[in-house]
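the amino acid sequence is not available; the structure is as follows:
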């Protein structure tokens, strides 16, 4: 069975018809063309599929897309602006904070989500 959903992905509004069994990760990658969220373990354990979902870090491999109709999703690619890396992404580069790099976009979203949640009130981004 199919359902109509709307997602805001990296600032762009997307209206889609999706299979009700489709994961958010599969919709992001296969329907929208987002490549920064990766399919790793497919068991919600590795974090390669992590994005910011309505401002909170979330894995997308086991989340049904229909459960997030109207959600705002920010991927690692969406954190960058005007060809400039996000400060967290730049820190990963500056400090060699990756191995093969496959799960790095998910780690960047996870790290930024932690910083946003834990920084003292009033501090700039």
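Perfect, I can see it now. Note that the structure is a prediction, hence the values are computed from the model and not measured.

ok, residues contacting the longest helix along the chain?
Assignment by DSSP state H gives helix 104-118 as the longest helix of the chain. Residues outside helix 104-118 that contact it (C-beta atoms under 8 Å, 6 or more residues apart in numbering): 36-38, 40, 46-52, 55-57, 59, 74-77, 79, 86, 88-89, 92, 97-98, 125. No exception for glycine: its C-beta is placed from N, CA and C like everyone else's.

burial count for the spatially closest residue to residue 40 that is not a sequence neighbour?
For residue 40, ignoring the flanking residues on the chain, the nearest one in space by C-beta to C-beta, 6 or more residues apart in numbering is residue 48 at 3.3 Å. Residue 48 has 22 neighbours, counted by other C-beta atoms under 10 Å.

in the chain, mark out all the strands, start to finish.
Using DSSP state E, the strands of the chain run over residues 2-9, 12-19, 51-53, 56-58, 72-74.

most packed of the ones you listed?
Highest mean neighbour count of those: strand 51-53, a mean of 24 (counted as mean count of other C-beta atoms under 10 Å).

output the contacting helices and strands for that one.
strand 56-58, strand 72-74, helix 104-118 (3 or more C-beta pairs under 8 Å, 6 or more residues apart in numbering; DSSP states H and E).
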